[in-house]
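K.L.:
Let me see the structure of the following:
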Amino acid sequence: MILDIFKMGVYFKECEFDLQPIKDYCLQYSQNNPSRQNSNIGGYQSDNFYLKDIEAFKPLHDKFSNEVNLYANDICLKDQVLDNAWININEYKDSNMSHTHPISPISGVFYVSVPEDGGDIVFERSDQIVIDYAWYNKNNNHYNSYNATNWTLPAKDNYLYLFPSFLNHRVSYNNNKENKRISISFNCL
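P.N.:
Down below sits the predicted model:
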C-alpha cells in the first residue's frame, strides 16, 4: 500500500467574466506606467496594487476572495485576505523565470487574454535535482505526480489558478507573434 505523505494541490476555477474591460484597463495601464523587473524575461510587469481599489477589477476581487477561501479551507489554512496584485503582459518570446512568492501563503494567477501558443504556467518540484538524479528517465515507465519534475497547466482566457506561494513556477514563452498574453497575479495574507 502507498501512503501519500506529502501532497501539493493547485486549485483551478474557470470564471465567466466579461474580459474586454479588464483587458482594456490592463493595456491602458501598461501604456501609462513603467514596467518593473521582477520575474519577467522581457514583457511588462506592473507595480503592485489592490484589486478592490480599481473599478474594473472589483468583480475579480470579490470572486477571487471567495475562491481563495474555498481553497484555503480545503487545505486546512485559515481564511485569507487578498493582498497585492500586478499585471503581466507577455509579447512574442517573453516569459517569466522560475520563482516563488515569499511570505504569502497562497498566490494566484488569472488569465485575461491568452493567444494560441501564448505560454502556459509550469509548476516545478523543489526536489527536482534529487528526482532527476535518483529516478533518472530510464527508470520511469511514464511520468505522474510521483516522479514528474514539473507539471504544465494550460493558460486560457478566464482561467484562475491558486497555489501554495512556496511552489516554484514559471511561465513558458509566448510563441504567438501577433498577440499578447495578459494575466493578473496576486498574493494573499
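K.L.:
Just the CA trace of stretch 47-54, in CSV.
P.N.:
Written as CSV, here are the backbone C-alpha positions of stretch 47-54 (Å, rounded to 0.1, in the frame of the first residue of the first chain):
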residue,chain,number,x,y,z
ASP,A,47,3.9,47.7,-9.8
ASN,A,48,1.7,46.3,-7.0
PHE,A,49,-1.9,47.5,-6.5
TYR,A,50,-5.0,46.2,-4.7
LEU,A,51,-7.8,44.7,-6.9
LYS,A,52,-10.5,46.3,-4.7
ASP,A,53,-9.1,49.8,-5.4
ILE,A,54,-9.6,49.6,-9.2
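K.L.:
so what's the nearest residue to Asn73 once chain neighbours are set aside up against?
P.N.:
Leaving aside its chain neighbours, Asn73 sits nearest to Asp79 (7.6 Å; criterion: C-beta to C-beta, 6 or more residues apart in numbering). Where you see a C-beta, it was placed from the backbone N, CA and C, and this is true even at glycine. Contact partners of Asp79, counting by C-beta atoms under 8 Å, 6 or more residues apart in numbering, are 69, 72-73.
K.L.:
any low-confidence regions in this protein?
P.N.:
Counting by pLDDT under 70, the chain shows low-confidence ranges at 129-140.
K.L.:
Helices of that one, start to end?
P.N.:
Here the chain has its helices, by DSSP state H, at 19-32, 58-74, 128-134.
K.L.:
hmm, back to that, so how far is Leu167 from the residue nearest to Asn73?
P.N.:
20 Å (C-beta to C-beta, to the nearest Å).
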